[in-house]
Structure formats: structure tokens, C-alpha cells
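Peer 1: sequence and predicted model, in that order:
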Amino acid sequence: MKIDFARNIALKILYEINTNKAYSNIALDKYINLNREKLSNLDINFISELVFGVVTWKLTLEYIIQKYSKIKIKKMSDWVKNILYLGAYQIIFLDKVPKSAAVNESVNLCKKYNYKSSNFVNAILRKIEKSDFEEIDNITDSIEQTSVKYSMPKWIVKKFYEEYGKDIANEICSNLNLRPNISVRLNRLNPKIEIGERGILDDFRTITGTKDITNTKEYKEGYITIQDEVAGLSSFVLNPKQGENVLDACSAPGGKTTYLAEIMNNKGQIIAWDIHDKRLKQVEENAKRLGIDIIKTELHDATVTKEEYLNKFDKILLDVPCLGLGVIRRKPDIKWNRQENDIEEITSIQYKILKVCSKYLKDNGVLVYSTCSMLKEENQYIIDRFLTEENFEIVSMDEKIPEGFVKITSNNMIQFLPNEKHDGFFIAMLRKK
């Protein structure tokens, strides 16, 4: 019996993710690097497709597998469960993989990891058809249908229904399953280079395919940075000037911080905080690679007041910790690792950061609050509450945002919705009176 090498690697990665709670991107990189000499580019692409596909569609796959299994999925062994995910994903979502290959290779894997269940795996996968996915539309409860059809936890679907209505909620869930292209930002401090397709903002380019950008000459020599275009908007609309004193209170890994420095033409000062020393090192490494020397990193918790910085900064960027629902298409683990009861804790941190850091702003200074999330509790409600308690006013940003982004504007706050070009994101700009 010969085991397919690429599928075997994919299974090991899925076991790490679903059983040992590893992050998908870290587990994928780890196993590919360990086996790189034995893997072709085609293998690497196939493994990536299987891993991200299964993690993205896990809830849908469970629904279809359970349709044909008398044994509850939660009672199956971890190896059997992950082998069924792998086989079912290939049958339902991969047109170029024959069903016979998906079934046979899954059975072979089961013989290796849990021999006694190989007949069970064979029986289940032979019953699964692409039509099982189409029949999800017959589910009568609309929230359950959306949850199963787009593999999204019910609590997230309910939130989206409440805030955006059924149609937009379905569109959001659908777009959060799209496989994103790679978005890179050109370094303003280096000569312009031609790479990829021009984005909505002049500084950005889109690169299709699964190219490892960090191993390219353009990346290593500091011509480009990997950054989603809508994430770059928080730095873009803050628009710090040369010579200004700027605070980035939640800076790691440094994409937004270095963009601020590029906008400032590397003249002035940026104080960059994070609570993890290891992540601050990433900010420093990115700055060095891009030829930036105005960023000063400091290990600091942004919820704790630092007296020496009161009324010191011209501009402040607060890209606060959040649930991250807007970047699920890049990090599908988020929807399985986050729970509804996380909202209270994360919003408490967000508000405290805003409240504390607002005191570091000079009079008439400008602050940008942003998240890569899409719930009003993390976004609009935070700003509304802050404006009732502090001497700040909201600043309109509509004229600063180029056409092409999918967004909803409410009371001069902008919620960007995920689509094929960009992630979900929120921005509000505030001025200290």
C-alpha cells in the first residue's frame, strides 16, 4: 500500500490544527519547511489547498459527513475525523480530483493511522456527492442554512443578520470564504518597481497565485511589504506629515507603522508599542528591511497610562486588538477559535486603549481608531460611547477614501465589507478639540 505523500502531509497538518489547536499558517509552514526537498511546487500548492479548504469548510463538511454516519463526529477518533474531512473536501469542492482518488487515498491513510476504521471511511465517502452541498439550500431555518452553506458558526451569522440584514450577511459570509490574492505595498522610500496589478490605492499591487513573497528579491531588498490594501487605509487617512511626532500604540508586526514612516518620508518620529517583545522585534526587522530609521519601539501595554507622553503627539494610530472577523478569509482558524463571550473582554480592552491613549494627543491632534472586525460592539459603539465622555469630535473621511472599496458609512465612521479585493475593516477618525 502506497500512501500519497502530499495528502499524508496535509493530514498531519490538519491533525495539528484540529486536534492540537495549532494555527493553520504556522502548522502549514512548519511541515512544508520540514519536507521541502521532497515536495514539488505542485505538491505545496495542493497541500495548501487541502489544509485551508478543510479549515475553511469544516462546519459544512461535518454536516454532510454526519448525514451518512450513525456515529457522531465528536465520538470519532481524531485521525478518522480528519481523514473524513480531507476526503469529503476533495469530493465536494475539488473538480480536478476524481472521486475514486479522493476515496481510495483516504482509505489508504486510514489503514495507516486507524486500520480498523478503513471500511467505515470507505463507506461514508462513497455515499458523499457534490449534490449534498446543493441540498443545503433546502434547510428551512435561514440562520442555520447560512451557517451550514458558508461554514460559519451560528453566533457569528446571528450577529451579521442583526447588524446587516440577511442579504448582506450572506454576502459577507460568502466573501469570507474566498481565497485571497496577495496584496503588497510598494515602498515609497525606494525607487518604484513594476510588480503585480495596480490596486485601488497607488501604493498597492495585487499578486495572483500562491507565490512565497517573503523569498523574493523585491521583498528581501525592501521594495515591498505584504499588506492588505484596506488595512493600509488607517495609515493612509491618518496621513502624518514630515517632522510630526506620531504614536502607533498597537504596532506589531509593523505593516501600518512602516507605512506611516513612508508617508512621512522617514522624517519625524514614530513611537511604536506592543506588549510582546518578540513581536516588537518584527517591527524593528521590517523597518530595517525597508530602510526606515524614525521608528522607536517600546515594550508597553497601551491600557496603562504613561505620564511622560501626555499631550505629546500630533497624531495617533490605534489599530486595536479585535475578534478579527474581517480577516477570516486569510485566517480561517479565527471562526473556530473565537466565541461570543469573547466580545465583552475584547471590547473592554479596546475602550480602555482608546480612553488612555487619547490623553497623549495634543490639542487639535488627530487619532485614527481601527479594527479588522465587523461588529458594532467593537467599532461604532466604542466610538459613540467615547464621544459622549471626552472632548473629541469625529472627522469625515469619505473624501479621503478612493472609489473601489466596498463600505458602509454611518455618522462619519466607515465599515468596510470583505470582497474579492480586500478584507473587512473599520476606521474612525477623531480630533481632539
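Peer 2: Alright, I've got the coordinates.
Peer 1: alpha carbons only for contacts and neighbour counts from here, please
Peer 2: Fine.
Peer 1: strands of the stretch 101-250 of the chain, start to end?
Peer 2: 182-186, 197-198, 204-207, 224-226, 245-248 (DSSP state E, counting those that start in this stretch).
Peer 1: and the third one, what other elements does it pack with?
Peer 2: So that's strand 204-207. On a contact count with 3 or more C-alpha pairs under 8 Å, 6 or more residues apart in numbering; DSSP states H and E, strand 204-207 meets strand 182-186, strand 197-198.
Peer 1: show me the one of these that comes nearest residue 266.
Peer 2: Proximity to residue 266, assessed across those by C-alpha to C-alpha, is greatest for strand 182-186 (14.7 Å).
Peer 1: partners of the closest one in the sheet?
Peer 2: For strand 182-186, the paired strands and their directions (DSSP bridges) read strand 204-207 (antiparallel), strand 224-226 (antiparallel).
Peer 1: distance to residue 147 added to these, as CSV?
Peer 2: Conversion of the strands paired with strand 182-186 to CSV gives the following (distance: least, C-alpha to C-alpha, whole Å):
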stretch, distance to residue 147
strand 204-207, 30
strand 224-226, 31
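Peer 1: same list (these) but as a markdown table, adding mean pLDDT and mean neighbour count.
Peer 2: Output for those, formatted as a markdown table (pLDDT from 0 to 100; neighbours: other C-alpha atoms under 10 Å):
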| stretch | mean pLDDT | mean neighbour count |
| --- | --- | --- |
| strand 204-207 | 92 | 21 |
| strand 224-226 | 95 | 23 |
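Peer 1: nearest to residue 131, of the ones you listed?
Peer 2: The nearest among the strands paired with strand 182-186, by C-alpha to C-alpha, is strand 204-207 at 33.4 Å.
Peer 1: quick one: contacts of that closest one?
Peer 2: 181-186, 195-199, 229 (C-alpha atoms under 8 Å, 6 or more residues apart in numbering).
Peer 1: returning to what we had before: so which of the helices and strands packed on strand 204-207 is nearest residue 355?
Peer 2: strand 182-186 (31.0 Å).
Peer 1: run the chain-centre distance for that closest one.
Peer 2: 15 Å (C-alpha atoms, centre = their mean, to the nearest Å).
Peer 1: buried ones in it, by neighbour count?
Peer 2: In terms of neighbour count (16 or more other C-alpha atoms under 10 Å), strand 182-186 has its buried residues at 182-186.
Peer 1: go on, stretch 77-87?
Peer 2: 78-87.
Peer 1: for stretch 207-227, same thing?
Peer 2: Buried residues in stretch 207-227 (16+ other C-alpha under 10 Å): 207, 213, 219, 222-227.
Peer 1: greatest separation within those residues: which pair is it?
Peer 2: Taking C-alpha to C-alpha, the two most distant members of the buried residues of stretch 207-227 are 207 and 222; they sit 16.8 Å apart.
Peer 1: what pLDDT, on average, does stretch 374-382 get?
Peer 2: Regarding stretch 374-382, the rounded mean pLDDT is 97.
Peer 1: and the nearest residue to residue 342 once chain neighbours are set aside, how far from residue 405?
Peer 2: Excluding its sequence neighbours, the residue lying closest to residue 342 (C-alpha to C-alpha, 6 or more residues apart in numbering) is residue 323, at 7.8 Å. Using C-alpha to C-alpha, to the nearest Å, one gets 22 Å for the distance from residue 323 to residue 405.
Peer 1: which of these two has more residues huddled nearby?
Peer 2: Set residue 323 next to residue 405 and count neighbours by other C-alpha atoms under 10 Å: residue 323 wins out with 23 against 18.
Peer 1: would you confirm that the more buried one contacts residue 338?
Peer 2: Yes. Residue 323 lies in contact with residue 338 (C-alpha atoms under 8 Å); the separation is 7.0 Å.
Peer 1: thinking again about what came up before, of the buried residues of stretch 77-87, which is the nearest to residue 7?
Peer 2: Out of the buried residues of stretch 77-87, the member with the shortest distance to residue 7 (by C-alpha to C-alpha) is residue 86, at 8.3 Å.
Peer 1: phi first, then psi, for the residue lying closest to that closest one once chain neighbours are set aside.
Peer 2: The spatially closest residue to residue 86, leaving aside those adjacent along the chain, is residue 54, at 6.5 Å (C-alpha to C-alpha, 6+ apart). As for residue 54, its main-chain torsions (degrees, to the nearest 10) stand at phi -70, psi -40.
Peer 1: do the same with residue 271
Peer 2: The phi/psi pair for residue 271 (degrees, to the nearest 10) is phi -90, psi 130.
Peer 1: pLDDT value on it, please?
Peer 2: pLDDT for residue 271: 98.
Peer 1: over to residue 211?
Peer 2: pLDDT at residue 211 comes out at 68.
Peer 1: likewise for residue 1?
Peer 2: For residue 1, pLDDT reads 66.
Peer 1: just residue 193 next, same as before
Peer 2: At residue 193, pLDDT is 86.
Peer 1: that one against residue 224, yeah?
Peer 2: No. Contact criterion C-alpha under 8 Å: residue 193 and residue 224 do not qualify, at 9.1 Å.
Peer 1: please identify every residue contacting each of the two.
Peer 2: Between them, residue 193 and residue 224 share these contacting residues under C-alpha under 8 Å, 6+ apart: residue 186.
Peer 1: end to end, how far does stretch 320-337 reach?
Peer 2: End-to-end for stretch 320-337, by C-alpha to C-alpha: 19 Å.
Peer 1: residues near the residue nearest to residue 86, how many?
Peer 2: 24.
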